[in-house]
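Visitor: give me a 3D structure for the following:
(2 chains)
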2 protein chains.
Amino acid sequence: MDMSEIRLFVEMPLAAGAEVALTEAQAHYLFGVMRQAVGAPVTLFNGRDGAWQAEVVRAAKRGGTLACREQTAPLRLPPDLWLIFAPIKKARTDFIVEKAAEMGAARILPVATRFTNSERIRQDRLQAHAVEAAEQCGGTFVPEVADLAPLDRLLADWPQDRRIMWCDETLLSARAGLGQAGPGPWAILIGPEGGFSEAEQARLRAMPQVTPVSLGPRILRADTAAVAALTLWQSVLGDWTT
Amino acid sequence: MDMSEIRLFVEMPLAAGAEVALTEAQAHYLFGVMRQAVGAPVTLFNGRDGAWQAEVVRAAKRGGTLACREQTAPLRLPPDLWLIFAPIKKARTDFIVEKAAEMGAARILPVATRFTNSERIRQDRLQAHAVEAAEQCGGTFVPEVADLAPLDRLLADWPQDRRIMWCDETLLSARAGLGQAGPGPWAILIGPEGGFSEAEQARLRAMPQVTPVSLGPRILRADTAAVAALTLWQSVLGDWTT
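Guide: Numbers count the residues shown, from 1 in each chain, chains lettered A, B, ... in the order given. The predicted structure follows:
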């Protein structure tokens, strides 16, 4: 990716000749902030049709139109990996979503646990962070950010075939055999500050889908743990070819 | 670590019976923000003598004194790993230093490269971030943050026996054999946005100490790359026992 290129996420289908209308915010960014005009090249993606070279054909204060020219990259899906985390302070929650999108999580699920500090999230704001991360980092896919759900309910309906890499801070020295667990659908589960309650720990330990994994001997903040866990998973089971 | 304990980094030697004077900022934090008083327990560490249980014996508006009781944890040094990075936007540079301290880097070296955006750093502010990370995360060691130095000069004086894990964004699919390279002193090198110049790349490729490593098929921001690289190194060569 050329770091100087302008990339925009849009909702509309992308195909040769397709015209795409800009939102007011996109027009402000493109024409106001980035000082682009008719004829300027922009890369578009919508999470389904890959990346497309497009060109500004109409520029106005509150809108504009781009015309799609040709596909420049196919859709690239991340591995089938979910990230489940307990929301923390606002800036660090934003950060976790940004990093999950960058690191190739396919779905992001905020959960309320017994010791979760934050009872509310702004799903729309978090989704916007995932979009921005994909725009900035050359992605063609944007992970869906789910609404906040209680961990208990999520685990009650947990799919039989999706494994859980549980980042268990009580495990101080052993990193269990992620490699032996094998590929297939997975989820990473990161706890809140203060960890999981006894009841939550017992429940997780009893689930056959769960593999506990240690993230080393130091205590990590939840946002650090998220990036570290995504790295471990991607490098052992994901698409970081060795 | 009990997450509710108050931990403070101090400069003074710690030993049974030692008295430790608080700075004005520490007194404000302890007595103003945290509402502690004479008799309150505080954990102290200085990066050399491990962690010590101490007790407030004098509390004033602009100062105070703690008395050391007993050592509660020995000094725990991280592996001999340096993190070299090119400063980026302020919040993300702060973040890299915080994460490097959490993840167990022994030394943090900001460098100016050909494409570095930021020409200046506030070494004292970055060092304070490293201290705060150790306070928050139960560490007993604080990595030194060096002053900004040109990458060229750093590489010209590079120690013969210290290997460099070079996170090379042009390597899209191969992750070279970190494991085969073996332990010993190492440094991780993360580039700026825009990557390394041709001349810098040629120089790095010619150094026998350098092992290029890929961080997967997606483009990562520098702060994400730092945490991902520290995770890879710690899990393959560091103290994350498998």
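
Visitor: restrict the helix or strand of chain A with the lowest mean pLDDT to CA atoms and write it as CSV.
Guide: Every helix and strand of chain A was ranked by mean pLDDT, DSSP states H and E. The lowest is helix A:178-181, at a mean of 74. Extracted C-alpha coordinates of helix A:178-181, given in CSV (Å, rounded to 0.1, in the frame of the first residue of the first chain):
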residue,chain,number,x,y,z
LEU,A,178,-2.2,-23.6,21.1
GLY,A,179,-0.4,-25.3,18.3
GLN,A,180,-1.8,-28.7,19.3
ALA,A,181,-5.3,-27.4,19.4
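
Visitor: could you point out which element follows it?
Guide: Beyond helix A:178-181 on the C-terminal side, the first helix or strand identified by DSSP states H and E is strand A:186-190.

Visitor: give the rounded mean pLDDT of that next one.
Guide: Over the span of strand A:186-190, the pLDDT mean works out to 96.

Visitor: and stretch A:53-63, by the same measure?
Guide: Model confidence over stretch A:53-63, given as mean pLDDT, is 94.

Visitor: and that stretch, which residues are buried?
Guide: For stretch A:53-63, the buried set under the neighbour-count rule, 16 or more other Cβ atoms under 10 Å in any protein chain shown, comprises A:54, A:56, A:59. All C-beta spots, glycine's among them, are computed from the backbone N, C-alpha and C.

Visitor: ditto for stretch A:67-78
Guide: Burial within stretch A:67-78, assessed by neighbour count using 16+ other Cβ under 10 Å, is assigned to A:68, A:71, A:72, A:76, A:78.

Visitor: does residue A:37 touch residue A:57 like I think?
Guide: No. Distance between residue A:37 and residue A:57: 10.9 Å, which falls outside the contact criterion (Cβ atoms under 8 Å).

Visitor: how is chain A divided into domains?
Guide: A:7-73, A:81-236 (automatic domain parsing).

Visitor: of those, which shows the lowest average pLDDT?
Guide: Ranked on mean pLDDT, the bottom entry among these is domain A:81-236, at a mean of 90.

Visitor: does that domain reach chain B?
Guide: Yes. For a cut-off given as Cβ under 8 Å from any Cβ of the partner chain, domain A:81-236 has contacts with chain B, namely A:95, A:99, A:102-104, A:136-139, A:173-175, A:193-194, A:214-221, A:224, A:227-228, A:230-232, A:234-235.

Visitor: which stretches in chain A count as strands?
Guide: Listed in chain order, the strands found in chain A under DSSP state E are A:7-9, A:19-21, A:41-45, A:51-59, A:64-73, A:81-85, A:107-112, A:144-145, A:149-150, A:163-167, A:186-190, A:210-213.

Visitor: I'd like the ones you listed written out as a markdown table, with distance to residue A:29 added.
Guide: Formatted as a markdown table, the entries for these read as follows, by distance: least, Cβ to Cβ, whole Å:
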| stretch | distance to residue A:29 |
| --- | --- |
| strand A:7-9 | 8 |
| strand A:19-21 | 14 |
| strand A:41-45 | 11 |
| strand A:51-59 | 12 |
| strand A:64-73 | 11 |
| strand A:81-85 | 27 |
| strand A:107-112 | 24 |
| strand A:144-145 | 21 |
| strand A:149-150 | 32 |
| strand A:163-167 | 36 |
| strand A:186-190 | 32 |
| strand A:210-213 | 40 |
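
Visitor: list the contacts for residue A:11?
Guide: residue A:46 (Cβ atoms under 8 Å, 6 or more residues apart in numbering or on different chains).

Visitor: now it: phi and psi?
Guide: Geometry field for residue A:11 lists phi and psi as phi -90, psi -30, criterion degrees, to the nearest 10.

Visitor: grab the nearest non-local neighbour of residue A:133.
Guide: Sequence neighbours aside, residue A:101 is the residue nearest to residue A:133 in space, at 3.7 Å (criterion: Cβ to Cβ, 6 or more residues apart in numbering or on different chains).

Visitor: repeat that for residue A:238.
Guide: Residue nearest to residue A:238 in three dimensions, not counting chain neighbours: residue A:79, with 4.6 Å by Cβ to Cβ, 6+ apart.

Visitor: dump the residue contacts of that neighbour.
Guide: For residue A:79, the contacting residues are A:104, A:106, A:183, A:186, A:234, A:237, A:238, A:239, by Cβ under 8 Å, 6+ apart.

Visitor: give me the buried subset of these.
Guide: Neighbour counting over the contacts of residue A:79 (16+ other Cβ under 10 Å) leaves A:104, A:106, A:186, A:234, A:237, A:238, A:239 as the buried ones.

Visitor: show me where chain A has helices.
Guide: For chain A, the helices identified by DSSP state H occupy A:24-27, A:90-102, A:123-136, A:151-156, A:178-181, A:198-206, A:222-236, in order along the chain.

Visitor: quick one: the residue sitting nearest the centre point of chain A and residue B:73, what's the gap?
Guide: When Cα atoms, centre = their mean is applied to chain A, the residue found nearest the centroid is residue A:101 (2.8 Å). Distance check for residue A:101 against residue B:73: by Cβ to Cβ, to the nearest Å, it reads 37 Å.

Visitor: perfect, I'm done here.
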